[in-house]
Every structure is written in C-alpha cells, then in structure tokens.
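1. Structure, please.
(one chain, ligands or ions: 1)
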Amino acid sequence: MASANATPTPDAAAVWAVLERLTDPEIPVVTLAEMGILRDVRALDGRWQIVITPTYSGCPAMSQIEDDIRTALAEHGLEGEVITQLAPAWTTAWMSAQARVKLRDYGIAPPQDEMDLTGHPAGTQVLRFLPRATQTEAVPCPQCQSANTTLTSNFGSTACKALYKCLDCLEPFDYFKPH
Ligand SMILES: [Zn+2]
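-> Next up, the predicted model:
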C-alpha cells in the first residue's frame with residue numbers, strides 16, 4: 001500500500017498549520033510564515049521537508065528556528081527534516097502585511113519597500129498594504145506616525161535594522177531596512 005511517493009498523513013496543510021504558529025526568535029510577535037522565512041512544506045519518501053530561508057546569511061536566529069520547527073514536528077508526532085534554502089535570497093518584500101502591522105505595533109518601523117504579491121507561500125494571506133515607495137525615504141515613527149524622523153545609526157539592534165529617532169516624540173526606534 002505504501003509507495004515511495006506516498007503522501008504522509010496528515011496532509012501538508014495540517015503540517016503548515018502546526019508550523020505557522022512558530023514565531024521569529026528575534027521578533028516574537030511575528031510568525032515565521034508572516035516573515036516569509038517558512039517557505040515550503042513538502043513530502044518526500046513519507047517524510048516531511050520543511051524549507052526555510054534565513055533573513056540574511058549567518059543569521060544567528062536560524063539554529064533556534066530549526067530547533068523550534070523540529071520540536072513542533074516531534075510534539076505532533078511528525079517525521080521531518082529542516083532544509084535551509086539560500087537561493088533565492090530572502091527579501092523584505094516577502095514579509096506579509098500582517099507582519100508589517102505587527103512590527104510597527106512592536107515599535108519597529110517596517111521596511112519601506114513594495115510587497116511581493118506573487119511569491120508568498122501557500123496558506124498565507126496577501127493583502128495590499130503599503131503605498132508605492134516614495135523617493136524621499138521618509139521612515140514614519142512607529143509610535144506617533146510622524147514622518148519627521150532622522151537616521152541615527154545605520155546599524156540598530158541587529159545588522160538588518162537601522163536606528164532612527166523621531167524628532168516629534170523624540171523616541172528612538174529600529175527600522176527594518178529593505179533588502
Ligand atoms: Zn514619534
């Protein structure tokens with residue numbers, strides 16, 4: 001009855017549902033699926049392959065993410081392995097509209113890019129959210145929405161963020177740089 005290409009049970013959507021609750025270790029309010037880090041769930045020889053793409057190469061959170069996925073699979077009695085896929089490289093355009101809203105509510109200005117409306121993994125909801133990127137590169141303050149902000153340092157709490165300061169409410173904040 002079982003063949004080499006048999007699809008394991010439960011189906012990929014059920015496995016996706018287990019994994020899409022996992023959050024980004026660096027930004028705990030946002031899930032791996034919303035960040036576009038969780039790329040694919042596929043079956044091979046009766047086992048699951050979970051495909052992830054790091055936000056940048058050498059991202060220190062990746063081993064934590066792999067551990068979290070293995071733990072979640074084990075808790076649900078699922079057999080599988082984690083595949084790290086480096087190409088195509090992760091881009092902030094893969095971050096969902098929900099991720100951008102949660103990021104801002106968390107105090108991090110979301111990237112001023114244009115969302116990729118085609119490359120989202122199955123199961124994620126794609127919403128139009130950002131207006132077209134403007135030439136001015138103004139980064140709105142996540143606290144008070146003022147556009148009167150200034151770059152303090154090109155590197156914030158991690159390499160993929162820059163440090164800004166709002167000139168109206170005077171709060172410093174991280175900006176998730178588009179890349
Ligand atoms: Zn402000």
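
2. got a list of what the residue nearest the centre of the chain touches?
-> Geometric centre of the chain, nearest residue: residue 35, 1.4 Å, by C-alpha atoms, centre = their mean. Residues near residue 35 by C-beta atoms under 8 Å, 6 or more residues apart in numbering: 24, 27, 55, 94, 95, 96, 99. Bear in mind the C-beta positions are built from the backbone N, C-alpha and C, glycine included.

3. What's the separation between it and the ion?
-> 25 Å (C-beta to the ion, to the nearest Å).

4. How confident was the prediction at that residue?
-> Predicted confidence (pLDDT) at residue 35: the value is 94.

5. just the helices in this structure please.
-> Listed in chain order, the helices of the chain (DSSP state H) span 12-19, 32-35, 62-75, 97-106.

6. Quick check: which of the ones you listed is buried the most?
-> Mean neighbours per residue, mean count of other C-beta atoms under 10 Å, is largest over the helices of the chain for helix 32-35, with a mean of 24.

7. Tell me the gap between that one and the middle of its chain.
-> Distance of helix 32-35 from the chain centroid (C-alpha atoms, centre = their mean, to the nearest Å) equals 4 Å.

8. re earlier: any chance of the helices of the chain in CSV, plus distance to residue 168?
-> Supplementary listing: the helices of the chain in CSV, determined by distance: least, C-beta to C-beta, whole Å:
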stretch, distance to residue 168
helix 12-19, 40
helix 32-35, 29
helix 62-75, 36
helix 97-106, 16
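
9. mind checking which of those helices is nearest residue 47?
-> Checking the helices of the chain against residue 47 by C-beta to C-beta gives helix 62-75 as the closest, at 9.9 Å.

10. Send me the closest one as PDB with only the CA atoms.
-> Extracted in PDB, the C-alpha atoms of helix 62-75 (Å, rounded to 0.1, in the frame of the first residue of the first chain):
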ATOM      1  CA  MET A  62      18.400  30.300  12.300                       C
ATOM      2  CA  SER A  63      19.600  27.400  14.600                       C
ATOM      3  CA  GLN A  64      16.800  28.500  17.100                       C
ATOM      4  CA  ILE A  65      14.300  28.400  14.300                       C
ATOM      5  CA  GLU A  66      15.400  25.000  13.200                       C
ATOM      6  CA  ASP A  67      15.100  23.700  16.700                       C
ATOM      7  CA  ASP A  68      11.700  25.200  17.100                       C
ATOM      8  CA  ILE A  69      10.500  23.500  13.900                       C
ATOM      9  CA  ARG A  70      11.900  20.100  15.000                       C
ATOM     10  CA  THR A  71      10.300  20.400  18.400                       C
ATOM     11  CA  ALA A  72       6.900  21.300  16.900                       C
ATOM     12  CA  LEU A  73       7.100  18.400  14.500                       C
ATOM     13  CA  ALA A  74       8.000  16.000  17.300                       C
ATOM     14  CA  GLU A  75       5.200  17.300  19.500                       C
END
